[in-house]
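# Take this sequence and fold it.
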Amino acid sequence: TPIIYSLDGPGGAGTGPVIDEGAGGVITIQSKGTVSIINPAYDSNVPGSPFRVDRNYGFGTIEGQVLLNDAPLTINSWSDSTIEAVVPTDAVTGRVTVVRGDNSAATDVGVTLHVVDIATTNIHYVDDDGGADYMTIQDAIDANSTLPGDLILVAPGVYNENVILFKPLRLQGFGSGGTTIFGYPNPLEKLDLWHDRLNALGAREFVQFLLKDPFGENEAPGIIVIGETTFEGGNLQNPDPGVTMLFNEGYPFNLPDRTQIDGFTISGSKAGGAIFAVSGANHLVVSCNNLTGNQGAYAGGVAIGTQDVGFASTNH
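This next block holds a predicted model:
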């Protein structure tokens with residue numbers, strides 16, 4: 001089964017899955033190739049049973065198909081490692097998938113290609129190797145220059161972060177085969193910093209209102225998503241409707257097509273799962289990700305809202 005390691009637009013290597021609206025052009029897709037994995041059929045009782053085996057995630061050498069929104073693109077060149085395909089001028093944003101020509105196997109996880117007006121779209125680049133606008137995803141989100149609706153493109157690499165997505169942004173990896181968020185909070189000081197960041201948004205007051213601590217119970221997911229949330233003073237048992245409180249004030253998720261998590265593998269979270277949409281995460285789109293190897297008190301994959309509190313978290 002083929003796996004997309006990265007997708008780059010006509011701008012060349014490192015430009016990521018973005019293309020200028022109305023311009024069309026050639027996109028380049030890299031495969032994950034051959035990877036050594038733990039043998040799922042390993043049997044220690046069988047002499048010679050290999051502990052590791054190679055698995056081929058390439059595209060094959062026989063030309064297959066590249067699909068954008070399930071429509072085939074013209075192929076310029078095809079190899080096991082690299083495909084060049086032509087995006088037409090009338091294309092719109094959508095999912096790119098690859099189908100091998102030799103066995104008709106298709107990518108389980110595609111990647112979204114953003115067709116945008118590049119001249120008017122704020123695009124920020126993250127690369128843990130340097131040479132980009134930011135080295136961490138959180139730095140890109142936190143930057144004053146990053147505004148609601150902006151597009152953050154994250155290059156291949158392993159980002160040991162517990163990301164707090166508190167602005168409505170399009171968070172886009174180059175492909176789940178190459179861009180990984182590893183959510184294990186090591187060293188443990190990362191947990192303190194994570195809680196401090198949330199408390200600065202008003203998490204402590206929100207916990208007091210809920211009479212329950214979702215940030216402790218479902219701690220440090222790969223990505224936590226929070227939009228502006230209105231709640232009353234007091235608490236759920238004794239609310240004070242005369243007092244209006246705001247969690248994450250100033251960042252309402254109130255428009256569609258502005259908040260997306262796409263093109264990542266997210267793994268390693270020990271308690272919070274891969275993605276936790278706490279409250280106010282309206283119009284959130286989670287697509288084309290590989291969520292694997294996470295533990296969560298609410299869910300290992302995607303958790304929505306706080307359990308058993310009787311509060312409408314408005315994650316529409």
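# Roughly how far does the spatially most central residue of the chain sit from Asp129?
What sits nearest the mean C-alpha location of the chain, by CA atoms, centre = their mean, is Ile261, with 3.7 Å. From Ile261 across to Asp129, the span is 22 Å (CB to CB, to the nearest Å). Heads up, the C-betas are built off the backbone N, CA and C, glycines and all.
# What of Val302?
Summarising the geometry, the distance separating Val302 from Asp129, computed by CB to CB, is 29 Å.
# Those two: which has the busier surroundings?
For the pair Val302 and Asp129, the greater number of neighbours falls to Val302 (22 against 9), based on other CB atoms under 10 Å.
# Mind listing residues that contact the longest strand along the chain?
Of all segments of type strand in the chain, defined using DSSP state E, the longest is strand 239-247. Taking contacts as CB atoms under 8 Å, 6 or more residues apart in numbering, the residues outside strand 239-247 that touch it are 201-203, 205-206, 209, 226, 228-234, 279-280.
# At which residues are the strands of the stretch 101-250 of the chain located?
Using DSSP state E, counting those that start in this stretch, the strands assigned to the stretch 101-250 of the chain run over residues 111-116, 123-126, 151-154, 157-159, 163-165, 170-173, 179-182, 223-226, 229-234, 239-247.
# Adding mean neighbour count and distance to Ser145, write the ones you listed out as JSON lines.
Conversion of these to JSON lines gives the following (neighbours: other CB atoms under 10 Å; distance: least, CB to CB, whole Å):
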{"stretch": "strand 111-116", "mean neighbour count": "23", "distance to Ser145": "18"}
{"stretch": "strand 123-126", "mean neighbour count": "20", "distance to Ser145": "8"}
{"stretch": "strand 151-154", "mean neighbour count": "26", "distance to Ser145": "11"}
{"stretch": "strand 157-159", "mean neighbour count": "18", "distance to Ser145": "20"}
{"stretch": "strand 163-165", "mean neighbour count": "23", "distance to Ser145": "17"}
{"stretch": "strand 170-173", "mean neighbour count": "27", "distance to Ser145": "15"}
{"stretch": "strand 179-182", "mean neighbour count": "24", "distance to Ser145": "22"}
{"stretch": "strand 223-226", "mean neighbour count": "26", "distance to Ser145": "20"}
{"stretch": "strand 229-234", "mean neighbour count": "18", "distance to Ser145": "25"}
{"stretch": "strand 239-247", "mean neighbour count": "13", "distance to Ser145": "24"}
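# how about these in TSV, adding distance to Gln295?
Formatted as TSV, the strands of the stretch 101-250 of the chain follow (distance: least, CB to CB, whole Å):
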stretch	distance to Gln295
strand 111-116	26
strand 123-126	26
strand 151-154	23
strand 157-159	19
strand 163-165	17
strand 170-173	22
strand 179-182	13
strand 223-226	15
strand 229-234	26
strand 239-247	25
